[in-house]
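Student: sequence plus the predicted model coming up.
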Amino acid sequence: MKDLLSVRKHVLDVGIPLFNQRAISSSGISVASWIGDCGVALEQQGREGLAALTVRLLATGTESETKRELARRMDRLAATLSLEAMWDGVQVEIRGPSSVEREMISILFDVISEPAFPVKEVERVKGRTEEALVRERQMPASIAERTFLEKLFPPSHPYHRNPSGTLKSVRSLKRSDVVEFHKRNYRWGRAKLVVTSPFDDDVVLREVNELLPPVSVESGPATSSPAHSQVSRQGGFYNITIPGTQQVEVFLGGEAPSRGDPSYSSLRLANEILGGRPVLSRLFQIVREQSGLAYDADSEVEMLHHGGFWNVRAGTEKGSVEKVISLLLREVHRLAEETVSQGELDSIRESFLGSFPLHADSPESAHSLAQEVAFFGLPGDYFLTWPDELRKITPRMLRDSVTSSYGGYKDPITVVAGPTEGVRPKGRK
């Protein structure tokens, strides 16, 4: 168990960090990923969605292989490539049988280093992105979350933006934009490699060193991150009417600290109590089970590089919106202003810690922990010592963390989206 949650940091011959984690041998699966500092934060105004478009196009062929040839090679290996653009970076991940780990890592390096970006593929992926953006306009949950983030974070902040961009910005993107973004921002010197493998560290280290193509390790970004202005300190009520929909999405929240804040562990545990823990959480029990006012109800706290946010949400019907908002606000206030009982804290904590070792059961979920270590610069034994840190949290510590760190909890930004004509709960501006 300790081996499976421990992450060892090495430095490759060219100076790039490699984070290695032992995979459970019986699974026969290896996972490798490239984490680059080239996400939404590096997009220029009017080029929103460029980071996501660039990373999605990595799977459409390289200088030496067409899209079809690359797909056939992946099929032969029974390997899968995953591509994700985040606000703070991108992740390119490949996973498959450990018996072909070396060839999988070779593919990972090929798609990062020598993508072809065929014109037809650029237009095809742009078209699929536009279709997804149009669909989002009819999805209450997506609209509510996007409105919340746009109201909380100013336009200069990367978290204000939809990583997929806007219809206008995506339609304006050209292949030359993609090529230039890749050339300027896919810097190996600002990247991290993460490998979850059943093989010994020295084997993986030698394997990666041998496969790594000739790369430049310049560390400075070619473009500057935008100024990250302070978030909105004011609440407000926003009603987004979406004709033809049935369910209403209620979404409210505010600012949270960045990932390095000392309150991180307390806030994670507080979120489990509020709405993060399935079945046991307060929102599930009170809003859904006892009151029967919501189809679902939960919460989350996101703490990232450039700040963060907390939110609670519920799916309900138009006639229940006012009651649902009242209950959600009441539970947020109660978490921040009343001390949770020791019994409730212990119950939620042990449930959370009891499910935590399940991450080690699959290389894919274990790899996500190793990615977190690499992405946030955490100690390699972080997930070995974190349970002990969580057990030290007292009810008073938990309450104080929420009170001081849940920005705007007394007057959060509140969004309702769906068939909500005329909805305006009492006391909301």
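Tutor: On my side now, so go ahead.
Student: Leu149 touches His160, doesn't it?
Tutor: Yes. Leu149 is within contact range of His160, at 6.2 Å (criterion: C-beta atoms under 8 Å). In this view, the C-beta of every residue, glycine as well, is placed from N, C-alpha and C.
Student: give me the low-pLDDT residue ranges for the stretch 151-300 of the chain?
Tutor: Along the stretch 151-300 of the chain, segments meeting pLDDT under 70 span 216-234.
Student: that one: helices as residue ranges?
Tutor: Along the stretch 151-300 of the chain, the segments classed as helices by DSSP state H, counting those that start in this stretch run 167-172, 175-185, 201-211, 264-271, 282.
Student: buried residues in the third one?
Tutor: Of the residues in helix 201-211, those buried by neighbour count under the rule 16 or more other C-beta atoms under 10 Å are 204-205, 207-208, 211.
Student: need those residues in a markdown table (columns: distance to His182).
Tutor: Output for the buried residues of helix 201-211, formatted as a markdown table (distance: C-beta to C-beta, whole Å):
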| residue | distance to His182 |
| --- | --- |
| Val204 | 27 |
| Leu205 | 27 |
| Glu207 | 25 |
| Val208 | 22 |
| Leu211 | 20 |
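Student: closest one of those residues to Ala366?
Tutor: Of all those, Ala366 sits closest to Val204, with 14.6 Å by C-beta to C-beta.
Student: domain-wise, how is this structure divided?
Tutor: 2-211, 236-418 (automatic domain parsing).
Student: can you put those domains in TSV and add distance to Pro425?
Tutor: Listed next are the domains of the chain as TSV, based on distance: least, C-beta to C-beta, whole Å:
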stretch	distance to Pro425
domain 2-211	15
domain 236-418	4
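Student: could I get the helices of the stretch 151-300 of the chain as CSV with distance to Met303?
Tutor: Below are these laid out as CSV (distance: least, C-beta to C-beta, whole Å):
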stretch, distance to Met303
helix 167-172, 27
helix 175-185, 24
helix 201-211, 30
helix 264-271, 6
helix 282, 21
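Student: quick check: which of the ones you listed is nearest to Ser351?
Tutor: helix 264-271 (11.0 Å).
Student: next helix or strand past the closest one?
Tutor: Downstream of helix 264-271, the first helix or strand assigned by DSSP states H and E is helix 282.
Student: packing partners for that following helix?
Tutor: helix 321-337 (3 or more C-beta pairs under 8 Å, 6 or more residues apart in numbering; DSSP states H and E).
Student: run through who's touching the following helix or strand past the helix it packs on.
Tutor: Of the helices and strands lying after helix 321-337 in sequence (DSSP H and E), the nearest is helix 342-355. Contact with helix 342-355 is made by 269, 272-273, 277, 280-281, 387, 390-391, 393-395, 398, as judged by C-beta atoms under 8 Å, 6 or more residues apart in numbering.
Student: let's go with 6 Å and repeat that
Tutor: Helix 342-355 is contacted from outside by 272-273, 277, 280, 387, 395, using C-beta atoms under 6 Å, 6 or more residues apart in numbering.
Student: which of those residues are buried?
Tutor: 272-273, 277, 395.
Student: give me the buried positions along stretch 144-160.
Tutor: Those buried within stretch 144-160 under the rule 16+ other C-beta under 10 Å are 144-154, 157-160.
Student: and if you look at stretch 97-111?
Tutor: 98, 100-111.
Student: narrow these to those in helices?
Tutor: Taking DSSP state H as the definition of helices, those contribute 101-111.
Student: can you list those residues in CSV and add distance to Tyr406 and pLDDT?
Tutor: Formatted as CSV, these follow (distance: C-beta to C-beta, whole Å; pLDDT from 0 to 100):
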residue, distance to Tyr406, pLDDT
Glu101, 43, 97
Arg102, 47, 97
Glu103, 48, 97
Met104, 42, 98
Ile105, 42, 97
Ser106, 46, 97
Ile107, 43, 97
Leu108, 39, 97
Phe109, 43, 96
Asp110, 45, 96
Val111, 41, 97
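Student: what's the closest of the residues you listed to Ala256?
Tutor: Leu108 (32.9 Å).
Student: what's around the nearest residue to the closest one once chain neighbours are set aside, how many residues?
Tutor: In space, and not counting its chain neighbours, Leu108 is closest to Ile94: 4.8 Å by C-beta to C-beta, 6 or more residues apart in numbering. For Ile94, the neighbour count with other C-beta atoms under 10 Å is 25.
Student: list phi and psi for Ile94.
Tutor: Here is the backbone geometry of Ile94 (degrees, to the nearest 10): phi -130, psi 140.
Student: how near is it to Pro213?
Tutor: Using C-beta to C-beta, to the nearest Å, we find Ile94 at a distance of 15 Å from Pro213.
Student: before we move on, back to that, for Leu57, find the nearest of the helices of the stretch 151-300 of the chain.
Tutor: helix 175-185 (6.2 Å).
Student: other SSEs contacting the closest one?
Tutor: The helices and strands touching helix 175-185, judged by 3 or more C-beta pairs under 6 Å, 6 or more residues apart in numbering; DSSP states H and E, are helix 50-56.
Student: I'd like the average pLDDT over the helix it packs on.
Tutor: Averaged across helix 50-56, pLDDT comes to 97.
Student: gap between the one helix or strand Leu83 maps to and the chain center?
Tutor: Element membership for Leu83, per DSSP H and E: strand 80-85. Its chain's C-alpha centre and that of strand 80-85 lie 13 Å apart, by C-alpha atoms, centre = their mean, to the nearest Å.
Student: please work out the average pLDDT along it.
Tutor: pLDDT averaged over strand 80-85 gives 96.
Student: partners of that strand in the sheet?
Tutor: strand 90-97 (antiparallel) (DSSP bridges).
Student: centre of the chain to the partner strand, how far?
Tutor: 16 Å.
Student: on that earlier part again, what comes up buried for the strand holding Leu83?
Tutor: Those would be 81, 83, 85, for strand 80-85 by 16+ other C-beta under 10 Å.
Student: out of those residues, which is nearest to Lys410?
Tutor: Nearest to Lys410, judged by C-beta to C-beta, of the buried residues of strand 80-85 is Ala85 at 34.4 Å.
Student: bridged to the closest one, which residues?
Tutor: Val90.
Student: got the contact list for it?
Tutor: 39, 51-52, 55, 163.
Student: how close does Gly292 sit to Pro387?
Tutor: When Gly292 is compared with Pro387 (using C-beta to C-beta), they lie 36 Å apart.
Student: I meant Phe109, not that one.
Tutor: Note on Phe109: its distance to Pro387, by C-beta to C-beta, is 35 Å.
Student: Ser142 too?
Tutor: 35 Å.
Student: residue nearest the centroid of the chain?
Tutor: Taking C-alpha atoms, centre = their mean as the criterion, Met86 is the residue nearest the geometric centre of the chain, at 6.5 Å.
Student: tell me who's in contact with the residue nearest to it when sequence neighbours are not counted.
Tutor: Distances taken as C-beta to C-beta, 6+ apart put Gly39 closest to Met86, at 5.0 Å, once the chain neighbours are dropped. Gly39 sits next to 51, 85-90 when contact means C-beta under 6 Å, 6+ apart.
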